[in-house]
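**Student:** structure for the following, please:
(one chain, ligands or ions: 1)
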Amino acid sequence: MTEIILGLDKPANDGSCVGRSDGRVVFCRHGLPGETVRAEVVDGGADSRFWRAEALAVTGEPAAVRVPSPCPWFGPGQCGGCSWLHAQPDAQLELKTQVLAETLERIGDVRRPVAVHTLGRTAGWRTRLSLHVDDEGRAGFHAWRSHEVVPVADCLQADPRMELADLLEQAWPAGATVRVSVSEAGRAVIVDSATGVSHRGTREHVHVVDGREFRTAADGFWQSHVDAASVLTAQVRELVPHEAGSRIVDLYAGVGLFGLALLDSHEPASVDLVEGDRSATEFAVRNADGDSRVDVIARDVRRWARDPGAADIVVLDPPRAGAGKQVVSAIARTGAHTIVYVSCDAATLARDLRWFAARGYEPDHIVGFDLFPGTAHVETVVRLRASG
Ligand SMILES: C[S@@+](CC[C@H](N)C(=O)[O-])C[C@H]1O[C@@H](n2cnc3c(N)ncnc32)[C@H](O)[C@@H]1O
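**Tutor:** Have a look, this model is predicted:
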């Protein structure tokens, strides 16, 4: 493998820093802005537009915010889950803030100051994760941008209720995926292997958010950070205007977290929960507990977009791929005066904001939350208002 000396500049969306080698852009992990590093090129050849690399050593002065990683499996060639453990916690927030602001401006043409806030808990925060099992039956995590399994003995992200170290000591079927999750209902361990799917522990999770109970399937979607559901719900409630009798649509609703929370804090006439996963919609019906204002629409949002109907307020929380042009157009056709967009991917959010702008919606509030400490990911909540 090729080794290069690289001066590093700004942070990038994927948890690397941008450098240049002979005029070619290099995305380099494990370095920090301002550092010069000796790096190994791990992806890219003579014809590649850019290379990917991992810093093996800092050759000059280390960044003032550099710290020893608290995780022994973080480093070149090791676990790919975290990206910024070699930076002080405040510096991690600053790096994420820079990436978010730069992405919104470059892709979305949105120029405004943004900040990424910590939820306070940077270890033991993750309530769900997937382990991968190597050919020898050892569980671990994937290396960066790879399916190679890196066996580990623990993970500082894991909620202590997972008792992850115990699970990692066990032998598992080669090639299996082990999905572990916890909630007030206990722990679920779901093993997906060549011989089928086996299940240990609770089949259903229970999450209490600001006094309201939400149930999900043990392998269904729920926000990962232990404090995420309450922080995001509080933010959505704050951004949705208090208008008695409003018609609210919650797109990509999961088991109903945002839409149902708005029933308690606002006085909507109706809340439509649109969700494509059949099991999630069944739980959404249960979570709505017969409230006649709620309509659970078990449908792909792209199908909903063909005939979206009318709404005053739309909340959306799509997966990483974002909403896309067709769904953005449909939201605009509802005539909603306010849109609250919860996003786990700054690049697709920025793309969608550009399309919203073309349809007369401008952001008046943007805030980031560090729901995934140590990693490159950031959650962003944006409120858009119809102009004119
Ligand atoms: C990021 S989760 C948000 C769920 C919910 N807002 C919450 O916070 O618990 C995205 C949800 O969108 C659903 N989803 C993904 N693509 C979809 C699509 N094309 N149509 C409908 N639902 C979709 C997933 O099943 C998942 O429940």
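
**Student:** so what's the residue nearest to the spatial centre of the chain up against?
**Tutor:** With distances taken as Cα atoms, centre = their mean, C344 lies nearest the centre of the chain, 3.9 Å away. C344 is in contact with P319, R320, L371, H377, V378, E379, counting by Cβ atoms under 8 Å, 6 or more residues apart in numbering. Backbone N, C-alpha and C define where each C-beta goes, glycine included.

**Student:** swap in A91?
**Tutor:** L32, A63, V65, W84.

**Student:** just checking, the second one touches H30?
**Tutor:** No: A63 sits out of contact with H30 when judged by Cβ atoms under 8 Å, with a separation of 11.8 Å.

**Student:** tell me how many other residues crowd D364.
**Tutor:** 13 (other Cβ atoms under 10 Å).

**Student:** which SS state does it fall under?
**Tutor:** Following DSSP: H, G, I helix; E, B strand; the rest coil, we place D364 in the strand state.

**Student:** list the beta-bridge partners for V182.
**Tutor:** R187 (DSSP bridges).

**Student:** contact partners for it?
**Tutor:** Here V182 is in contact with T127, R128, D159, R161, M162, A188, H205 (Cβ under 8 Å, 6+ apart).

**Student:** quick one: buried residues of the helix or strand hosting D166?
**Tutor:** Under the criterion of DSSP states H and E, D166 resides in helix 164-169. Under the neighbour-count criterion of 16 or more other Cβ atoms under 10 Å, helix 164-169 has L164, L167, L168 buried.

**Student:** dump the contacts of C344 into TSV; add neighbour count as well.
**Tutor:** Formatted as TSV, these follow (neighbours: other Cβ atoms under 10 Å):
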residue	neighbour count
P319	13
R320	11
L371	23
H377	19
V378	25
E379	28
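
**Student:** now the two most distant members of those residues.
**Tutor:** The span of these, defined through Cβ to Cβ, is set by P319 and V378 at 15.2 Å.

**Student:** buried sites along the longest helix along the chain?
**Tutor:** Longest helix of the chain, by residue count under DSSP state H: helix 89-108. Buried residues in helix 89-108, defined by neighbour count with 16+ other Cβ under 10 Å: 89, 91-104, 107-108.

**Student:** for stretch 231-238, same thing?
**Tutor:** V231, L232, T233, Q235, V236, R237.

**Student:** of the residues you listed, which belong to helices?
**Tutor:** Short answer: the buried residues of stretch 231-238 in helices (DSSP H) are V231, L232, T233, Q235, V236, R237.

**Student:** out of those, which one sits closest to the ligand?
**Tutor:** Distance to the ligand, by Cβ to the nearest ligand atom, is smallest for L232 among those, at 6.6 Å.

**Student:** about what we covered before: mind putting the ones in helices among the buried residues of stretch 231-238 into CSV with distance to I4 and pLDDT?
**Tutor:** Putting those into CSV (distance: Cβ to Cβ, whole Å; pLDDT from 0 to 100) gives the following:
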residue, distance to I4, pLDDT
V231, 41, 98
L232, 41, 98
T233, 46, 98
Q235, 43, 98
V236, 45, 98
R237, 50, 98
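
**Student:** and H117, bridged to which residues?
**Tutor:** Beta-bridge pairing for H117 (DSSP bridges): F369.

**Student:** quick check: residues of the stretch 151-300 of the chain near the ligand?
**Tutor:** 221-223, 252-254, 257-258, 275-277, 280, 300 (Cβ under 6 Å from any ligand atom).

**Student:** those residues: which two are farthest apart?
**Tutor:** Most distant of these, by Cβ to Cβ, are Q223 and D300, 21.5 Å apart.

**Student:** more crowded one of those two?
**Tutor:** Using other Cβ under 10 Å, the more surrounded residue of Q223 and D300 is Q223, with 23 against 11.

**Student:** I'd say that one and A229 touch.
**Tutor:** Yes: counting by Cβ under 8 Å, Q223 touches A229, with 4.7 Å between them.

**Student:** okay, and the common contacts of the two?
**Tutor:** With Cβ under 8 Å, 6+ apart as the test, Q223 and A229 both reach L257.

**Student:** distance of the residue of the stretch 51-200 of the chain at minimum distance from the ligand from T216?
**Tutor:** Among all residues of the stretch 51-200 of the chain, R128 sits closest to the ligand, at 11.8 Å; criterion: Cβ to the nearest ligand atom. In this view, R128 and T216 are 10 Å apart by Cβ to Cβ, to the nearest Å.

**Student:** shared neighbours of those two, which are they?
**Tutor:** Common neighbours of R128 and T216, counting by Cβ under 8 Å, 6+ apart, are W222.

**Student:** more neighbours: the two, which one.
**Tutor:** T216 (25 against 22).

**Student:** residues in contact with the more buried one?
**Tutor:** With Cβ under 8 Å, 6+ apart, T216 has these contacts: S183, E204, H205, H207, W222, G254, V255, A280, F283.

**Student:** what do you get for E105?
**Tutor:** Going by Cβ under 8 Å, 6+ apart, the list of residues near E105 reads R111.
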